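> Quick one: sequence and predicted model below, then my questions.
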Amino acid sequence: MHLLSIDDLSDDQIATILDEGERWFSYNRQPRRNDHRLDGLTVVNAFFENSTRTLLSFEIAANRLGAQVVTMQVEHSSIKKGETLDDTARTLNAMRPDALVIRHRTSGAPASVAAIMDCPVINAGDGTGEHPTQALLDAATIRQHFGRVEGLKIAICGDLKHSRVARSNAKLLGRLGAELRFAAPPSLMPDDLPGGALDKAVEGADVVMMLRVQRERLEEELGDAPGEYFERFGLTEERFATAAPGAVIMHPGPINRGVEIDGSLADHPTRSLIVRQVEMGVAVRMACLDLLTAERLPR
Amino acid sequence: MHLLSIDDLSDDQIATILDEGERWFSYNRQPRRNDHRLDGLTVVNAFFENSTRTLLSFEIAANRLGAQVVTMQVEHSSIKKGETLDDTARTLNAMRPDALVIRHRTSGAPASVAAIMDCPVINAGDGTGEHPTQALLDAATIRQHFGRVEGLKIAICGDLKHSRVARSNAKLLGRLGAELRFAAPPSLMPDDLPGGALDKAVEGADVVMMLRVQRERLEEELGDAPGEYFERFGLTEERFATAAPGAVIMHPGPINRGVEIDGSLADHPTRSLIVRQVEMGVAVRMACLDLLTAERLPR
Amino acid sequence: MHLLSIDDLSDDQIATILDEGERWFSYNRQPRRNDHRLDGLTVVNAFFENSTRTLLSFEIAANRLGAQVVTMQVEHSSIKKGETLDDTARTLNAMRPDALVIRHRTSGAPASVAAIMDCPVINAGDGTGEHPTQALLDAATIRQHFGRVEGLKIAICGDLKHSRVARSNAKLLGRLGAELRFAAPPSLMPDDLPGGALDKAVEGADVVMMLRVQRERLEEELGDAPGEYFERFGLTEERFATAAPGAVIMHPGPINRGVEIDGSLADHPTRSLIVRQVEMGVAVRMACLDLLTAERLPR
């Protein structure tokens, strides 16, 4: 079993991951020693695209279950020597890891790799494709805060066109019964998501999830200075004031203060769940690694 | 005891490594937990030259025996600050690792380092010198497939001049009783190996081992487009058809499809042992790490 | 409790670290398996500035106590994406490590991070600020050699202006009762240390600690060729001959032979403690990690 897309998960598996994620969240907060269920298993992180927080999160999650972690970063990869992705996958598979976590700048690359691997593969973000563990940690964070996801009005706002986070969340939060709203600048509106205006999306929302905008994109595609983008498409205090009472703010990070979100909103002591998302990330990835490897090595 | 060259091994030690390598190969294929014999030992990988597959292979091998693995990559090294190799070796030795795996672009560098270290040193490839664990995994792969190495006709073809793989294999496979044939483009013919023409080397061979050619070298030294090299010096289906019945194809990887080898030969379901070599690589390196550290910490 | 500066340590804690450091030094020299006291704890190394030896030293120290080690290097960091240091610290904290080791090119950065973290933070060098574990390993090395620090004449010589090593040693060795002398080239003299001439500092000294000079600085600030610097400000055999009988030579490494120190002095079999410092480094860092984490997880 692989976790390449939210579509790979049954409703039961989603429920298990959210439940176990919350349980690991509490476990990680206590003075603890690592769990030992993955003792003696090898988890390989193959990151063909740089990422501090996602890589660290997976490394810590695997360690905390007792696994041995080996990380391959693209700069050191044979890819640069002209090896095909399939040949790299055959090489990785021949080393007999017990799970493979892969991030790649090309959409669909993890699926190609998974077709070759004998072990479970987790997609840690592929191009403009999916980022299923991010959506799972987002859902777990929302559920932990509100006690439910069903019926909540959730606005996902920003560069929808390039966002694998938006794509995975659209699937997962939709399946969990949320009422979704999407908003993007006109030039960053994708074809497959029903984007609208930011003000309308935020108004009355229970959750406002802002997406990161790439600074390169700001200049090239929008012709905007960061300040201008903020005025037109950022989460300002004025905009957030129109959300539902008790509304919360989320962001997959890293945040651009004053670009897509007001710094004081990001730091809001009760309304911002941004740091909580990071914490839930380790917990949910522990749940995913546990679920996927359990099939091969029953506990 | 160090493993810098095939010359460092007695015939008995070679036999032990091949036997144990085959045993670990089977072990790694089963649903398994890591072995614990190197629990609490520190293996340092000092890679002064980038290499994805060799580094990963050593990291996984050490982990699978229970060792703690610390990797130092050249980009982060004091070498850039002008430290001499001897000073780096003294520093590494002072940290009291239990084994050191070293790759370096200068031939002889691992031997200089080993002269300083108190722990066993494994040469993971030095310039145009040797790459003994590659030869050992190649021999183990051949022996596993044919049941023997003795008497087999083995053709080693390609950039012999710069190939530490060829150099180590010439020693090892020769000692194991193979009948060796070498073939290289005229400008890539070394002085110390008896190179000949490709067609003659492949004809009737039981094993055709193709070497990687550096794309930079293609242009600079050969003035060839990749396609031309392939026609003149690559393993084409026509050429391979002249090999012995049941002949197999090997390559240390990463492969250049359509340059030194036809892609469909590389992928041949029964004749290509290329992926098998990678798998045997982890196993043979486990055997080497086990053998070398056993002297210091009896089991 | 954090270890950001020598000022963070009580006299008792300093004594404990030196005692335990010497004990681990002996432990590491025997045929050993790792200790298990940090089994199941996660130590994160966040290195925002490259460093081979310090990073390796901390990684091995943490491993040798049984901890799981995760290393984040700046090249792969979100810092490059414009994330603030505080946001990075919040992210790291949310991953619930049990200790954080941080190196940063900005003085004070570890203190900013520590203000956010719930776990102990160790400063592994910050700009021109402090490098407390280097001073502790220097003091332990001196004490191991002489049986005491008190009353020894210790000359610290070189680029005092940019040296966090000098700054931490000035505090620590001063508190331990050494008689300190400082010497620097005029343009590398800081405002807060009482620098003098090299010849005067070395004369009669029991310990001569030479600091590394950056080659870039040599050319830009001194207009000196390396050879000229050596004549004027380096430790030559002539200069060292004026030190006390039994005087020893120290250097935090990596050394520039023929720039700040004569190569034969660096290699002196009885007078040079430079390699010993590296060995004591792992031992003292084990003592620091043990002390700092013991508070959270009593043993």
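On my side now, so go ahead.
> what are the C-alpha coordinates of stretch A:25-43, in PDB please?
Only the C-alpha atoms of stretch A:25-43 are listed here, as PDB (Å, rounded to 0.1, in the frame of the first residue of the first chain):
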ATOM      1  CA  PHE A  25       0.600  14.300  19.400                       C
ATOM      2  CA  SER A  26      -0.100  13.800  23.100                       C
ATOM      3  CA  TYR A  27       2.700  11.200  23.300                       C
ATOM      4  CA  ASN A  28       5.200  13.600  21.900                       C
ATOM      5  CA  ARG A  29       4.300  16.300  24.400                       C
ATOM      6  CA  GLN A  30       5.100  14.200  27.400                       C
ATOM      7  CA  PRO A  31       8.500  13.400  28.700                       C
ATOM      8  CA  ARG A  32       9.000  10.400  26.600                       C
ATOM      9  CA  ARG A  33      11.400   7.900  25.100                       C
ATOM     10  CA  ASN A  34      10.900   6.900  21.500                       C
ATOM     11  CA  ASP A  35       8.500   4.100  20.700                       C
ATOM     12  CA  HIS A  36      10.100   1.000  19.400                       C
ATOM     13  CA  ARG A  37       7.600  -0.400  16.900                       C
ATOM     14  CA  LEU A  38       9.800   0.300  13.800                       C
ATOM     15  CA  ASP A  39      13.100  -0.800  15.500                       C
ATOM     16  CA  GLY A  40      15.400  -2.300  13.000                       C
ATOM     17  CA  LEU A  41      13.400  -1.100   9.900                       C
ATOM     18  CA  THR A  42      15.000   1.300   7.400                       C
ATOM     19  CA  VAL A  43      13.100   4.300   6.200                       C
END
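> And it, what's buried?
Within stretch A:25-43, the residues that count as buried by 16 or more other C-beta atoms under 10 Å in any protein chain shown are A:25, A:27, A:28, A:32, A:34, A:37, A:38, A:40, A:41, A:42, A:43. All C-beta spots, glycine's among them, are computed from the backbone N, C-alpha and C.
> Out of those residues, which comes closest to residue B:218?
Distance to residue B:218, by C-beta to C-beta, is smallest for residue A:42 among the buried residues of stretch A:25-43, at 36.1 Å.
> Give me the domain ranges for chain A.
A:6-130+A:278-294, A:132-274 (automatic domain parsing).
> near chain C at all, the shortest one?
Yes: under the criterion of C-beta under 8 Å from any C-beta of the partner chain, chain C is reached by domain A:6-130+A:278-294 at A:28-29, A:31-34, A:36, A:50-53, A:55-57, A:59-60, A:63-64, A:66, A:69, A:73, A:75, A:278-279, A:281-282.
> Can I get the buried ones among those as something I can paste into PyMOL?
This is the PyMOL syntax for the buried subset of the residues of domain A:6-130+A:278-294 next to chain C, where burial follows 16+ other C-beta under 10 Å:
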select buried, chain A and resi 28+32+34+50+51+52+53+55+56+57+59+60+63+64+66+69+73+75+278+279+281+282
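> Just the ones of the residues of domain A:6-130+A:278-294 next to chain C in helices?
Per DSSP state H, helices hold the following members of the residues of domain A:6-130+A:278-294 next to chain C: A:28-29, A:52-53, A:55-57, A:59-60, A:63-64, A:278-279, A:281-282.
> Could you find the lowest-pLDDT member of those?
Across those, the smallest pLDDT goes to residue A:52, namely 84.
> Touching, that one and residue C:72? I think so.
Yes: with contacts counted by C-beta atoms under 8 Å, residue A:52 reaches residue C:72, the gap being 6.0 Å.
> how long is stretch A:206-216 from one end to the other?
31 Å (C-alpha to C-alpha, to the nearest Å).
> how far does it sit from the chain's center?
13 Å (C-alpha atoms, centre = their mean, to the nearest Å).
> separation between whatever residue of chain A ends up closest to chain C and residue A:263?
Of all residues in chain A, residue A:33 sits closest to chain C, at 3.2 Å by C-beta to the nearest C-beta. Going from residue A:33 to residue A:263 by C-beta to C-beta, to the nearest Å gives 37 Å.
> ok, the ones in helices among the residues of domain A:6-130+A:278-294 next to chain C vs chain B, which is closest?
Nearest member of these to chain B, counting by C-beta to the nearest C-beta, is residue A:63, at 12.1 Å.
> for stretch A:250-259, the distance to its chain's centre please.
Distance, centroid of stretch A:250-259 to centroid of chain: 14 Å (C-alpha atoms, centre = their mean).
> tell me which residues of that stretch are tucked away?
Of the residues in stretch A:250-259, A:250, A:251, A:252, A:253, A:254, A:255, A:256, A:257, A:259 count as buried by neighbour count, 16+ other C-beta under 10 Å.
> What's the end-to-end length of stretch A:100-115?
Start-to-end, stretch A:100-115 (C-alpha to C-alpha) is 12 Å.
> where does residue A:292 land in three-state SS?
Assigned by DSSP: H, G, I helix; E, B strand; the rest coil, the conformation of residue A:292 is helix.
> Point out where the stretch 1-150 of chain A drops to low pLDDT.
Filtered on pLDDT under 70, the stretch 1-150 of chain A yields the residue ranges A:75-81.
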